[in-house]
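S.K.: got a predicted model here, sequence first, then my questions.
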Amino acid sequence: MIILRIASLFLLAVACVLGQTASLTGVVKDSTGAVMAGAEITATQTQRNQVFHTASDQDGRYVLQNLPVGAYEVLGRADGFKMFRQTGVELTVDLKGLLNITLELGNVSEVVQVEGQV
């Protein structure tokens with residue numbers, strides 16, 4: 001009986017931990033408003049330094065799913081464009097965050113930094 005109770009508590013704890021995720025999606029465009037396929041998107045959870053990668057599709061859309069909740073820094077990159085950086089992106093349980101990214105022409109070493117929340 002005690003083993004059954006312990007097993008039930010363990011399964012409940014696992015279910016709670018597994019359910020604590022969020023997603024982040026958006027569209028990548030250049031400064032003229034044209035969608036950008038193949039842009040690299042990186043989301044780093046700042047507390048645990050966990051890094052997640054994806055790329056925008058032919059319609060400029062990107063999706064990062066099953067992200068652990070927490071604060072993120074999001075980077076967007078493409079050849080010939082300044083790197084986009086947004087800090088302070090807070091993702092909470094079951095949030096479907098939206099972060100559209102605009103990349104500006106310029107040297108790759110230049111960074112366009114945006115601060116705020118999704």
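M.R.: Yes, it's here.

S.K.: which residues touch stretch 34-54?
M.R.: The contact list for stretch 34-54, computed with C-beta atoms under 8 Å, 6 or more residues apart in numbering, reads 24, 27-30, 55-60, 62-64, 67-68, 70-78, 87, 89, 101, 103. To be clear about C-beta, it is placed using only N, CA and C from the backbone, and glycine gets the same treatment.

S.K.: straight-line length of that stretch, end to end?
M.R.: 19 Å (C-alpha to C-alpha, to the nearest Å).

S.K.: list the buried residues in that stretch.
M.R.: 36, 39-45, 52, 54 (16 or more other C-beta atoms under 10 Å).

S.K.: quick check on the contacts of stretch 34-54: which are buried?
M.R.: Going by neighbour count (16+ other C-beta under 10 Å), these have 24, 27-30, 56, 60, 62, 64, 67, 70, 72-78, 89, 101, 103 buried.

S.K.: give me the pLDDT for the residue lying closest to Gln58 once chain neighbours are set aside.
M.R.: Excluding the flanking residues, the one nearest Gln58 by C-beta to C-beta, 6 or more residues apart in numbering is Ala37, at 4.7 Å. We have a pLDDT of 98 for Ala37.

S.K.: what element comes up after the worst-scoring helix or strand of the chain on mean pLDDT heading to the C-terminus?
M.R.: Lowest on mean pLDDT, DSSP states H and E among the helices and strands of the chain sits helix 2-18, with a mean of 46. Using DSSP states H and E, the helix or strand that follows helix 2-18 in sequence is strand 21-30.

S.K.: could you give me the average pLDDT of that following strand?
M.R.: Average pLDDT, strand 21-30: 97.

S.K.: the buried ones among the contacts of stretch 34-54 in strands, which ones?
M.R.: 24, 27-30, 62, 64, 67, 70, 72-77, 89, 101, 103 (DSSP state E).
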